[in-house]
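**Student:** what's the 3D shape of this:
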Amino acid sequence: MNLCSLYRVIGLSLVLIGCVHNPQKPPPEPGVGSALQSWVDNELSPYLSNELSSHPRFKGESLMLVKLIGPDIQPEIDGLTESIRLQIRDQLLTTPGITLPWRPGVRLSSHHRRLRALDCRSHREAAYYIGIETRQLPSGRFSISVKALDIAAQEWVSGFGIRWQGRLTEAERLAMDHYLNDEGLRGLRSLPFSIDQMDLVADYLANNLSCLIRQGYPEKPLVIHVERPVLENTLLPGVVELIGSHMSRYREVTVSDVKSEATLLLRGQTHELQPGLYQVWIQLNPRESGRHLIGLDTSTYVSADAQALETSGVVRSVRPVVAGMSISSSGRNRGVSCDRASMACSQLLITTRYAEQLFVISHQPRTGVVRLLPGGCSPEAESELRPMAREDRYRLSIEPDQSTYYAIAVNGERSGKLLGRHLELLPDACSREGRDPMVAEALDQWLDQLDRLIERYRSHIDWMAKRSTS
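**Tutor:** Got it, this is the predicted structure:
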């Protein structure tokens, strides 16, 4: 048995690279020069371009390309189907009249300042699935079929479809054995979130709801009050508050703790569809009438068995949040303590939720990047207990200058230790024995390492920046 055969037997998945004896020869791509590739180029792509752009049923509708096994959408996609899908997608994107929603997989969103800065391309859900099914026939040949499913009606579109039968190349057969999650389906019923991804659930729902607000209330300022669910609702505590915190970052949206000030109420519901599968709904209701507003609700799916719900500690898996950050100008005559004698000073106000630690640094015009917390700048701190959540508020005395302040909230022992050690390399802004400022090259390296730490532990870290205009 040669080395390539041995690798295949023990399952080491030499998928898209194949087994080539000459390492200098480029690895074969699935389908290159094959009968299947010829069919994709000359029959499948032209057929789909023509039908999907001209058929009245598909006109103006959004479409999603997915893998099928029988009637079921698959949460995992093999390398061969993915290769076919990419080729089809490239062709369809050049065809006028065809809409493919962009769903690159769920990722934590950026800290936008305005609703119009949101990327809402992924929000529009598909009306039809264009399914690709690959099957091996008893003869050893393979069948590739493409058909369309009307999602709302839950029925196949009659008269639509195309099929190929033939033999696959070695590279194509190897590609069929390589599977990955189809992350473009994450949050849909076929690939629900898991119970340890509640931070992603909140981020996903907040982004969807923000896009709906942008479409329905593009210029109107909104005041939203978050109605916190009861403790018995195991999936929701913490999630709706996290959604409110996400939305409070937009200038067009104000999140108020006072219900009477709000124009809209943010509410959440969960429905157990079957054992271990839940649908989570978030919606906005007018405060006065309580009526449901059509077009201002969004949902996703979460999988969790009974044991996982009991032992998950949902709040611990929720990403910490820097919920607010502001600077209040005040002088010594207003009772604000200031470390610099006879100098007027201001207060940096920071609010966190679900955070085990808070780090604060600033980029100051004269001294570069310095550390405020932890260090000699002892803050005034207070906490407020809420159902399944802890909110902490901090006040730090700062000099009225043109500094930019960064608050970094952290959950988790390892992420907290690594970040703390990294920040210890900075001079302490309030210590008389602080280190000298970093030179430019060292500071660039330090900032690069900080970026890598935040990216590595992004589900355990949240941050916010505030510039002083004093």
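**Student:** For the stretch 1-150 of the chain, give me the ranges with low pLDDT.
**Tutor:** 1-33, 101-125 (pLDDT under 70).
**Student:** What segments of it are helices?
**Tutor:** Secondary structure of the stretch 1-150 of the chain (DSSP state H, counting those that start in this stretch): helices at 3-9, 35-39, 45-54, 79-93.
**Student:** Out of those helices, which gets nearest to Thr270?
**Tutor:** Evaluated over the helices of the stretch 1-150 of the chain, closeness to Thr270 peaks at helix 79-93, with 32.6 Å, by CB to CB. (Each C-beta comes from the backbone N, C-alpha and C, glycine too.)
**Student:** Domains in this protein, by residue range?
**Tutor:** 28-183, 193-317, 321-467 (automatic domain parsing).
**Student:** Contact partners for Asn411?
**Tutor:** Neighbouring residues of Asn411 by CB atoms under 8 Å, 6 or more residues apart in numbering: Arg316, Arg319, Pro320, Tyr354, Ala355, Glu356, Gln357, His460, Ile461.
**Student:** PyMOL command to pick out the buried ones of these?
**Tutor:** Listed next is the PyMOL selection for buried residues among the contacts of Asn411, using 16 or more other CB atoms under 10 Å:
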select buried, resi 319+320+354+355+356+357+460+461
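**Student:** Mind checking the pLDDT average for stretch 299-309?
**Tutor:** Per-residue pLDDT over stretch 299-309 has a mean of 75.
**Student:** now stretch 354-373
**Tutor:** The pLDDT scores in stretch 354-373 average 84.
**Student:** Distance from that stretch to the middle of the chain?
**Tutor:** Centroid separation for stretch 354-373 versus its chain: 26 Å, with CA atoms, centre = their mean, to the nearest Å.
**Student:** Could you check how far stretch 163-174 is from the centre of its chain?
**Tutor:** Stretch 163-174 sits 35 Å away from the centroid of its parent chain (CA atoms, centre = their mean).
**Student:** Kindly provide the whole-number mean pLDDT of it.
**Tutor:** Here stretch 163-174 scores 92 as its mean pLDDT.
**Student:** which residues in the stretch 151-300 of the chain form helices?
**Tutor:** 170-176, 198-216, 239-247.
**Student:** just checking, Leu200 touches Pro192?
**Tutor:** No. Using CB atoms under 8 Å, Leu200 makes no contact with Pro192, being 11.2 Å away.
**Student:** Looking only at neighbour counts, state which of those two leads.
**Tutor:** Pro192 (24 against 21; other CB atoms under 10 Å).
**Student:** how many other residues sit next to the nearest residue to the more buried one once chain neighbours are set aside?
**Tutor:** Closest residue in space to Pro192, ignoring its immediate chain neighbours: Tyr301 at 3.6 Å, by CB to CB, 6 or more residues apart in numbering. The number of residues packed near Tyr301 is 18, by other CB under 10 Å.
**Student:** Glu441 versus Ser328, what's the distance?
**Tutor:** 36 Å (CB to CB, to the nearest Å).
**Student:** now Glu155
**Tutor:** Distance, Glu155 to Glu441, using CB to CB: 64 Å.
**Student:** Same check on Tyr406?
**Tutor:** Counting by CB to CB, the gap from Tyr406 to Glu441 is 21 Å.
**Student:** Just want to know which of those two has more residues nearby.
**Tutor:** With neighbours defined as other CB under 10 Å, Tyr406 and Glu441 compare such that Tyr406 has more, 18 against 8.
**Student:** Touching, the more buried one and Ile361? I think so.
**Tutor:** Yes. Using CB under 8 Å, Tyr406 is in contact with Ile361, at 5.1 Å.
**Student:** hang on, Ile327 is in a strand, isn't it?
**Tutor:** Yes. The assignment for Ile327 by DSSP: H, G, I helix; E, B strand; the rest coil puts it in a strand.
**Student:** what's across from it in the sheet?
**Tutor:** Leu348 (DSSP bridges).
**Student:** What separation do you get for it and Ser468?
**Tutor:** Going from Ile327 to Ser468 by CB to CB gives 5 Å.
**Student:** Okay, now the unreliable bits of the stretch 251-400 of the chain?
**Tutor:** Along the stretch 251-400 of the chain, the parts satisfying pLDDT under 70 run over 251, 288-295, 305-318, 330-344, 378-390.
**Student:** Since that was my last question, I'll sign off now.
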